[in-house]
Every structure is written in C-alpha cells, then in structure tokens.
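*Asks:* sequence and computational prediction follow.
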Amino acid sequence: MTEIPAALYENDPTYQMAVKQLREAAKLLGLPDEIVEVLRHPEKLVQVKIPIRRDNGKIEVYLGWRSQHNSALGPYKGGIRYREDVTPGEVVALSMWMTWKNSLAGIPYGGGKGGIRVNPKQLSQRELEELSRKYFAAIAKDIGPDVDIPAPDVYTNPQTMAWYYDEYAKIIGKPSYAWGVVTAKPVEIGGLYARVVSTGYGTALAAREAAKRWIGGIEGKTVAIQGFGNVGQYAAKYLKEWGAIVVAVSDRSGAIYDPNGIDVEEAMRVKAETRKVTNYKKGDVKIISNEELLELPVDILIPAATENVITKANADRIKAKVISEGANGPTTPEAEEILHKKGVMIVPDILANAGGVTMSWIEWCNNRMGGWLTDEEALERLDRIMTRNFNRVFDEWQKKYSEYPMRAAAYAIAVDRVVRAMKLRGWI
Ligand code: NAD
C-alpha cells in the first residue's frame, strides 16, 4: 500500500471541477485560500495492487484506490465503484463530494470513496468475488466501523458488500462488530430493506417539501421522471402515494407519457418483466423521447438517470417549476443559471439524493444496536431527517443566498459545518 502524491490527481478534470465548487463555496463564506488549500486534498489516499487468478489460469493485476477526504465530522463514508476508466482524481473528487453530502445531511460522517479499475462485465462471478475480497483485505487496516465505512456505487451491490463484510469479519474475528464496516448489505446479514427504496424515497421527499414551499403542495401536481431504475421507480411510487400524478417515466428505450397519469405499479411490473418501460400499454399512453420528457408541461421534473441532461440547449424549454435531482450532476451550471432566472427551484443532488447515505447511517446505527429498528421505523426516520434538512437549506437559501441557485446555499452550509468542526478540533 502506498500513499499517492498529489500530482496523480491534481490534473484530473473531475477533481478540478470539485475544487472549483469548493472555491465558490469558500468565496460565499468568506474563507481564506489557506483553508481551501487544506480542504482540497484528501487526508489520505491509498492505492492497492490486486492480483487475481482468472478462470483461464492466468494471473491478472488490477489497481484500486480508497480516498479518505475529510474526517472532521466522523468516520469516512462513501461507495466503491468498479469501472475500467476509474482514476485516482475521480475517486478523490467523489470523496470530497461525499464530505459535503454527509455534512449537509447532518450525519456524523466524513467523506470517502473507492474504486477499482476493472470492467466488471468481463469477470465471472467467482473472479469478481476474488477481486472484491482481495481489495477489501488490502485496505482492511485503513477501514472499519469506526474509521471508514464503504457502500455500493457503480457496478457494486449488496452481494459485493456481503463479500466485503465476510472478509473483514474473518480478518478481525468479530462478526457482529464487523456488520458496521459496510452498508447496503443484504437483509440477511444486517441490511435493511428500507435501504433499497431510500434514495428514490428521499428524492420524492425532497420534491414533496419543495412543492409545499414553491408551488402550493404536492397533491394533484404533475410529475415527469427521467430514468426508471432504482431511484426513479421508488420516487414515482411514493409521489403517487402522496397524491401527485406521474405523467411520464423513461429508460434508455424511451419515455412513456399519459397526461391522465401512469399506473406506476404496472410500469414497474413491465420494467421488471421486459426490461423496457416502453412496453407499457395502459390508457392513452404515447411513446416520446427522453429529450421530449424533459420539456413536458409538468409541475415537477425528476432527472434520475444520468449526468448533464439539462443543459443550456434545453433549459429555456423546460416548463417544470420544481426540479429534484435524483441523479448526480444532471444540470449543467449554465442551465442552472437560466432556470434560476426563470424562477425554477432546483433541489441540488447533494440534498435531493442523500436519502441513500442517510439510510446507510440508519443501517449502521441499527447494526450497533443489534438490529433494533423495523423498516417502517427506518423510513419514518428518513422522512423526518430529509424534511428537516430540506427546510433548513431552503430557509438559509432564502435568507442569505437567494440571488444564487439553491445549490450555492447547500454547498455553503455543508462546507461551513466541516470548517467549524475542524476549528473546534484545533485542526486549523
Ligand atoms: P439504475 O441503473 O438503477 O437506473 C438508471 C435508469 O436510468 C435506468 O432505467 C436506465 O435505463 C436509465 N438511463 C440511463 N441512461 C439514460 C439516458 N441517457 N437516458 C434515459 N434514461 C437513461 O441507477 P440508479 O441507482 O437509479 O441511479 C440513477 C442516478 O441516481 C445515477 O446518477 C446515480 O449516480 C444516482 N444516485 C443513485 C443512488 C442510489 O442509491 N441508487 C444514490 C445517489 C445517487
């Protein structure tokens, strides 16, 4: 295991974007450059070598990283991704974003993120298990329930968490303590079903609260959702339960639109059985494109697919008055400026999709209590926390930062909390 010099991440464009955002927040807060200098580097970045025996008998070596950005508020927390183009710079940037997201969520965690440079589709299940176990063993002395708590990210899932947990339990020899080393575990080994629905539920909660403060409540309001995966499906389900009318949803195959409302349960069944939501046939449904979905005459828009879909090219044609960002980075800064001027409220990703990490914290607490909470109680808690957080950011935004988009207020609050913790601890 080696410490990596800053030169390995400083030139990465994703890292540079994260630093730019940090500088903007620092400017709003009036923080000096020397504090930015402290915050722009991770506290620790480890690189590990992971040799595995492929099914064809040959040894192959993969590289993995874990970036521990900041621990002023508590143990590092953030996912681990498997992708063939993962870079140390991307991992550091993502760990910095986790610091802000966790800070804004008001949970006692710092920020971390990990990755392995691998195309997981090229590995068998056995090879993936060997890779996962060896990666976790290699970083084991830098993680732990009180130190750094990973979770799933791109191409990792509850099964990956089960392997990590098992490897760690073997290393430390304390299975029940080891529960807390990862979150989003399968329910059989300390996970909560509530974690499965939590990000979509949280995005829906953010939209519900935003609707109350901006457009007179959620009931009867029309909603379009781009992306009908984990986040989009549960956002749709809960918004419908609260009286909104979900008129359009989409996946890579295209979008379905019915101005009278989509039957969300039926769309989920069609998606699960045929993998394409466009096979939905009920009512007066029309097939439209993903681009058209974004421009529908709706009250609320939920981008829950991928990044950079709302840009300066389409921002002027967007009619929604509230956008709740389920996906990470769906709105470009230029588009955000245009929409802000039009009076559209964009609930930023670090607030709107924090339901997942907040539920991870609830799972971790539950593990420490020996499995005390029911899923129902866990969801009730998430509702209370997301509602409180949304309203705190909204009020601060209106009071101090209303000339900027809501994201500026969210970043300012998040960075400020970390800086105050660092000062109290005597770090700066
Ligand atoms: P997912 O893979 O379950 O679903 C993604 C959906 O988006 C699929 O229906 C897919 O067909 C669709 N999609 C992908 N590219 C598209 C495109 N270009 N146009 C239209 N549809 C497209 O993924 P997910 O877990 O629901 O994550 C969605 C987004 O939310 C991602 O940006 C992810 O980073 C973010 N997010 C997820 C979580 C979580 O806990 N799952 C937490 C925080 C943020």
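*Replies:* Structure received. Residues are numbered from 1 along each chain as shown.
*Asks:* how far away is residue 226 from the ligand?
*Replies:* In this view, residue 226 and the ligand are 6 Å apart by Cβ to the nearest ligand atom, to the nearest Å. Every C-beta, even on glycine, is put in place using the N, C-alpha and C of the backbone.
*Asks:* that residue touches residue 305, doesn't it?
*Replies:* Yes - counting by Cβ atoms under 8 Å, residue 226 touches residue 305, with 4.9 Å between them.
*Asks:* what touches both of these two?
*Replies:* Common neighbours of residue 226 and residue 305 (criterion: Cβ atoms under 8 Å, 6 or more residues apart in numbering): 232, 250, 290, 330.
*Asks:* which one of these has the most neighbours?
*Replies:* Compared across those, residue 232 has the highest neighbour count, 29 neighbours, by other Cβ atoms under 10 Å.
*Asks:* in space, what's closest to it - neighbours in sequence excluded?
*Replies:* Using Cβ to Cβ, 6 or more residues apart in numbering and skipping the chain neighbours, the partner closest in space to residue 232 is residue 304 (3.8 Å).
*Asks:* I figured the one you found hits residue 203, correct?
*Replies:* Yes - using Cβ under 8 Å, residue 304 makes contact with residue 203 at a distance of 6.7 Å.
*Asks:* settle it for me: which of those two has more neighbours?
*Replies:* A count of neighbours by other Cβ under 10 Å puts residue 203 above the other of residue 304 and residue 203, at 34 against 28.
*Asks:* now that one: how far from residue 82?
*Replies:* 24 Å (Cβ to Cβ, to the nearest Å).
*Asks:* thinking again about what came up before, shared neighbours of residue 304 and residue 203, anything?
*Replies:* 231, 235, 326.
*Asks:* got a winner among the residues you listed for most neighbours?
*Replies:* Neighbour max across these (other Cβ under 10 Å) = residue 235, 35 neighbours.
*Asks:* and that residue, its phi and psi?
*Replies:* When read as degrees, to the nearest 10, the backbone of residue 235 gives phi -60, psi -40.
*Asks:* go ahead and confirm it touches residue 301.
*Replies:* No - with contact defined as Cβ under 8 Å, residue 235 does not reach residue 301; the gap is 11.2 Å.
*Asks:* shared neighbours of those two, anything?
*Replies:* With Cβ under 8 Å, 6+ apart as the test, residue 235 and residue 301 both reach 225, 324.
*Asks:* what about residue 82, which SS state?
*Replies:* Following DSSP: H, G, I helix; E, B strand; the rest coil, we place residue 82 in the strand state.
*Asks:* list the contacts for it?
*Replies:* Contacts of residue 82 were listed using Cβ under 8 Å, 6+ apart, and they are 115, 116, 118, 120, 154, 155, 156.
*Asks:* out of those, which are close to the ligand?
*Replies:* Among the contacts of residue 82, no residue is within reach of the ligand (Cβ under 6 Å from any ligand atom).
*Asks:* and those residues, which are buried?
*Replies:* Neighbour-count burial within the contacts of residue 82 applies to 115, 116, 118, 120, 155, 156; the criterion is 16 or more other Cβ atoms under 10 Å.
*Asks:* next up, phi/psi of the fourth one, please.
*Replies:* It refers to residue 120. Main-chain torsions, residue 120, degrees, to the nearest 10: phi -70, psi -20.
*Asks:* can you pull the alpha-carbon coordinates of stretch 140-160 into PDB?
*Replies:* This file holds the C-alpha atoms of stretch 140-160, laid out as PDB (Å, rounded to 0.1, in the frame of the first residue of the first chain):
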ATOM      1  CA  ALA A 140      -8.600  -3.500   5.800                       C
ATOM      2  CA  LYS A 141      -6.200  -1.800   8.000                       C
ATOM      3  CA  ASP A 142      -7.400   1.600   6.800                       C
ATOM      4  CA  ILE A 143     -11.200   0.900   7.300                       C
ATOM      5  CA  GLY A 144     -13.600  -0.300  10.000                       C
ATOM      6  CA  PRO A 145     -16.900   0.600  11.500                       C
ATOM      7  CA  ASP A 146     -15.300   3.500  13.500                       C
ATOM      8  CA  VAL A 147     -12.900   4.500  10.700                       C
ATOM      9  CA  ASP A 148     -14.200   4.200   7.200                       C
ATOM     10  CA  ILE A 149     -17.400   2.600   6.100                       C
ATOM     11  CA  PRO A 150     -17.800   1.800   2.300                       C
ATOM     12  CA  ALA A 151     -21.000   1.200   0.400                       C
ATOM     13  CA  PRO A 152     -22.000   0.200  -3.100                       C
ATOM     14  CA  ASP A 153     -21.600   2.500  -6.100                       C
ATOM     15  CA  VAL A 154     -21.400   1.900  -9.900                       C
ATOM     16  CA  TYR A 155     -21.300  -1.800 -10.500                       C
ATOM     17  CA  THR A 156     -21.100  -2.900  -6.900                       C
ATOM     18  CA  ASN A 157     -24.200  -4.100  -5.000                       C
ATOM     19  CA  PRO A 158     -25.400  -5.900  -1.800                       C
ATOM     20  CA  GLN A 159     -23.600  -9.100  -2.900                       C
ATOM     21  CA  THR A 160     -20.300  -7.200  -3.100                       C
END
